[in-house]
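Participant: Got a predicted structure here, sequence first:
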There are 2 protein chains.
Amino acid sequence: MELIDGNLISRQIIEELTLEVSNLVGIKPSVTFVRVGEDPASVSYVNKKGKVAARIGIESNLMVFPEIITQEELINEITTLNEDPSVHGILVQAPLPSHIDERVVFNHVLPTKDVDGFNAANLGRLCQEDDDAFVACTPAGIVELIKRSKIETEGKRAVILGRSLIVGKPVALLMAKKGNPGNCTVTICHSRTRDLATVTREADILVAAIGRAEFVKADMVKPGAAVIDVGINRVEDASRPRGYRLVGDVAFDEVSEIASQMTPVPGGVGPMTVAMLMRNTVKAYLMATQAIT
Amino acid sequence: MELIDGNLISRQIIEELTLEVSNLVGIKPSVTFVRVGEDPASVSYVNKKGKVAARIGIESNLMVFPEIITQEELINEITTLNEDPSVHGILVQAPLPSHIDERVVFNHVLPTKDVDGFNAANLGRLCQEDDDAFVACTPAGIVELIKRSKIETEGKRAVILGRSLIVGKPVALLMAKKGNPGNCTVTICHSRTRDLATVTREADILVAAIGRAEFVKADMVKPGAAVIDVGINRVEDASRPRGYRLVGDVAFDEVSEIASQMTPVPGGVGPMTVAMLMRNTVKAYLMATQAIT
């Protein structure tokens, strides 16, 4: 089994972007992170994104709003960012408080600044196979891993376990679209799928994104399949300093015995998400400053 | 085998809409058809749509532009319609001349007037499982046929043959989404799919939308499957007055021997498309006049 090293591949992308940004003349790409409240995971994610941006030479700004901000107030803030030409990309860190409808907020981000790719217009452009669309960072990262690991997709069967808006559906669309990577026969599975193991065993490429710890066992995987594990789940583990360890949606030890290629957790899809956010920010900058449309 | 009668079901929908529109007080729903050039099929389709609108009590207007209209001029015309509050729905009849990018034109139709459902924002909202989205008329018609024919979808395997923007992809999204109809395990096949018959035989519900006359043979269909035939293909037939007959993408005679339910061509999906356009127009009217958002 060949391990797909997301840390290594994301570092390569970050290096490529650093070179690209260093060659830019004049103003640099700029992304604004919008965070609501003090959720520790959100604080950590946004900090991480800011650090990677700085390493590349992308300017980042952080706007923090209190947990009690109303949806209307938040939308007004986003409108201000939409209208500010010095802001090339806007990322609203999820999750938002429960009194705010995330979908409504994401749909208010200007499509040309929507580096997170959650705006309906960008999802629709993805359906339209428009290369100018901003693709959500995790799906884009999965496809980039597949591409750089030279996993053949043409005519292969891809099975996507999970139908979420942020992973499952965009990945399905990307794997089915014309091109390379692409041209897969794609199956979308989910909680209502019957006889799931039969379906997942059809996969030459299996993408697991259901958020259930070590759910995919060896008997659900076709020998020789490439397995992309999108899950990040905490499992209690008294032997660890923090009392838990991180595992994916795939039972790594047993599946690694039969897969041909496989992403670890952590260090697989995770680091790709931040790298893709940076690539989207540079793309937004180029679209804004060089009128690439 | 039980025939799924699209003529009958579309008539029921048109009757329901006629009743609904007759109960509306004040201004009536209004749709504007935009046609470019004199393509006989387009002329015929638009005429048909206008007649059905009139029967329901929907006002329709036709704007015809010469084949030589530029993309920019056409977009300006659409902008005028977007800004006209008396226009509730806008339909740009495809195909457009080759010098015009259809996708760009469709994306200029205001999403809230996009009764054809081809605007990126509506495709994206379909991905977001937003019930306010306008769903393209053929996919919406397919789902309505499935619903009214009481074809069970929950946990079933649906195989969509074709990955087009106007049929394949939206149908896949609709069949995979939460709800009823919905909750299918969905597979998207296309020209690059290997061992196609094996894949299509997995289908409890098979939707054929590839535009190849009588392509789906009995050995590609699981006995007892429900088969939805979206194709409309001309086949030379000297015995017919016009020299051709219309056939679907499915070899009707042999497949009807093993399918449990099946749409004929013509008289299956075709009539549903116009009915769904009318339903979308009434929806656009209600959203505009009653501020349903």
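Facilitator: Nice, I can see it.

Participant: What number of neighbouring residues does the closest residue to residue A:67 other than its chain neighbours come out with?
Facilitator: Leaving aside its sequence neighbours, residue A:67 sits nearest to residue A:37 (Cβ to Cβ, 6 or more residues apart in numbering or on different chains; 3.9 Å). From N, CA and C alone the C-beta is placed, and that goes for glycine too. Residues within reach of residue A:37, counting by other Cβ atoms under 10 Å in any protein chain shown, total 16.

Participant: residues touching residue A:37, list them.
Facilitator: By Cβ atoms under 8 Å, 6 or more residues apart in numbering or on different chains, the residues touching residue A:37 are A:65-67, A:97.

Participant: Put together CSV for the residues you listed, with neighbour count on each row.
Facilitator: Formatted as CSV, the contacts of residue A:37 follow (neighbours: other Cβ atoms under 10 Å in any protein chain shown):
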residue, neighbour count
A:65, 16
A:66, 10
A:67, 12
A:97, 17
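
Participant: Just give me the closest of these to residue B:84.
Facilitator: Residue B:84 lies nearest to residue A:65 out of these, by Cβ to Cβ, at 38.3 Å.

Participant: that older thread, distance-wise, check the residue nearest to residue A:67 relative to residue A:87.
Facilitator: Per Cβ to Cβ, to the nearest Å, residue A:37 is found 22 Å from residue A:87.

Participant: neighbours of residue A:1, just the number please.
Facilitator: Look at residue A:1: counted by other Cβ under 10 Å, it has 14 neighbours.

Participant: so what pLDDT did residue A:290 get?
Facilitator: Looking at residue A:290, its pLDDT reads 81.

Participant: repeat for residue A:188
Facilitator: 98.

Participant: That one: how many residues sit nearby?
Facilitator: The number of residues packed near residue A:188 is 30, by other Cβ under 10 Å.

Participant: from what I can see, it looks like it's in a helix, true?
Facilitator: No - in this structure, residue A:188 is strand, not part of a helix, as judged by DSSP: H, G, I helix; E, B strand; the rest coil.

Participant: Now the phi/psi pair for residue A:29, please.
Facilitator: phi -60, psi 140 (degrees, to the nearest 10).

Participant: Name the nearest residue to it, ignoring sequence neighbours.
Facilitator: Nearest residue to residue A:29, sequence neighbours excluded (Cβ to Cβ, 6+ apart): residue A:285, at 3.6 Å.

Participant: Looks to me like the one you found is in a strand.
Facilitator: No - assessed with three-state DSSP, residue A:285 is helix; it does not lie in a strand.

Participant: ok, it touching residue A:26?
Facilitator: No - when contacts are counted by Cβ atoms under 8 Å, residue A:285 is not listed as touching residue A:26 (10.6 Å).

Participant: Neighbour count for these two, which is higher?
Facilitator: Applying other Cβ under 10 Å to residue A:285 and residue A:26 shows that residue A:285 carries more neighbours, namely 24 against 5.

Participant: wait, what's in contact with the more buried one?
Facilitator: Neighbour list for residue A:285: A:24, A:28-30, A:88-89 [criterion: Cβ under 8 Å, 6+ apart].

Participant: now residue A:281
Facilitator: Applying Cβ under 8 Å, 6+ apart to residue A:281 gives the contacts A:29-31, A:53, A:58, A:88-89, A:115.

Participant: Just the buried residues of the one helix or strand it maps to, please?
Facilitator: Here residue A:281 sits within helix A:269-289, counting by DSSP states H and E. Neighbour-count burial for helix A:269-289, counted by 16 or more other Cβ atoms under 10 Å in any protein chain shown, picks out A:269-285, A:287-288.

Participant: Could I have the CA atoms of it written out in CSV?
Facilitator: Provided in CSV are the C-alpha atoms of helix A:269-289 (Å, rounded to 0.1, in the frame of the first residue of the first chain):
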residue,chain,number,x,y,z
VAL,A,269,-7.0,15.4,3.2
GLY,A,270,-6.8,17.8,6.2
PRO,A,271,-3.7,19.8,5.2
MET,A,272,-5.0,20.0,1.6
THR,A,273,-8.0,22.1,2.7
VAL,A,274,-5.8,25.0,3.8
ALA,A,275,-3.6,24.8,0.7
MET,A,276,-6.7,24.9,-1.5
LEU,A,277,-8.0,27.9,0.4
MET,A,278,-4.8,29.7,-0.4
ARG,A,279,-5.0,28.7,-4.1
ASN,A,280,-8.5,30.0,-4.3
THR,A,281,-7.4,33.3,-2.7
VAL,A,282,-4.6,33.8,-5.3
LYS,A,283,-7.2,32.9,-8.0
ALA,A,284,-9.6,35.5,-6.6
TYR,A,285,-6.8,38.1,-6.6
LEU,A,286,-6.0,37.3,-10.2
MET,A,287,-9.6,37.5,-11.3
ALA,A,288,-10.0,40.9,-9.5
THR,A,289,-6.7,42.5,-10.6
